[in-house]
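Novice: Provided below for reference: sequence and predicted model.
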Amino acid sequence: MTAPASALDPAIARQLKRDGAGLFPAVAQQYDTGEVLMVGWMDDEALHRTLTTGRATYWSRSRSEYWVKGDTSGHVQWVRSVALDCDGDTVLVRVDQVGVACHTGERTCFAGRELPVEAGPAAAAPAAAAAASAGDRDSVTASTRGAGR
């Protein structure tokens, strides 16, 4: 992809780190809940359009064209804020998502796609929850034993 000339503020453009195709990831997050909705790709022009129109605009790597989220589906992303990460290689686009974000019809692109974590606090959490649940059952059983006296 050859990046077209963009009207993006040069001060912003200087901060961006792009891949070989001139792209960087854009994480879309629901502004009020923090829910991560999707990840898309932007170049300077997509970011410029996002910042100046208030609508999330991405670069489609498969179609080699810009797309404004919701133009065909009606599931618009109204931009509330945009932040550049500390390395300048990713943007966080906080949006007010209208409808679903994922092309599969799910609210987010991550719904129902959790992978098993085998080590660390996440792996210990199910065991701790089971132990807590067993403890709750024991205390309920003990308190009901004396209830009939």
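Specialist: Happy to help now that I have it.
Novice: ranges for the strands of this structure?
Specialist: With DSSP state E, the ranges of strands along the chain come out as 24-30, 36-42, 57-60, 65-68, 77-84, 91-97.
Novice: could I get the ones you listed as CSV with mean neighbour count?
Specialist: To be clear about C-beta, it is placed using only N, CA and C from the backbone, and glycine gets the same treatment. Putting the strands of the chain into CSV (neighbours: other Cβ atoms under 10 Å) gives the following:
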stretch, mean neighbour count
strand 24-30, 20
strand 36-42, 21
strand 57-60, 21
strand 65-68, 14
strand 77-84, 16
strand 91-97, 20
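Novice: Residue 124 is nearest to which of those strands?
Specialist: Nearest to residue 124 among those is strand 36-42; the distance by Cβ to Cβ comes to 23.6 Å.
Novice: so what's residue 121 scoring on pLDDT?
Specialist: The per-residue pLDDT reported for residue 121 equals 87.
Novice: What lies in contact with stretch 58-70?
Specialist: 1, 21, 23, 26, 28, 40-43, 45-46, 49, 53, 55-57, 75-77, 98-99, 101 (Cβ atoms under 8 Å, 6 or more residues apart in numbering).
Novice: Buried ones in stretch 94-111, by neighbour count?
Specialist: Of all the residues in stretch 94-111, those buried under the rule 16 or more other Cβ atoms under 10 Å are 94-95, 97, 100-101, 108-109.
Novice: That stretch: end-to-end distance?
Specialist: Criterion Cα to Cα, to the nearest Å; first-to-last residue distance in stretch 94-111 is 18 Å.
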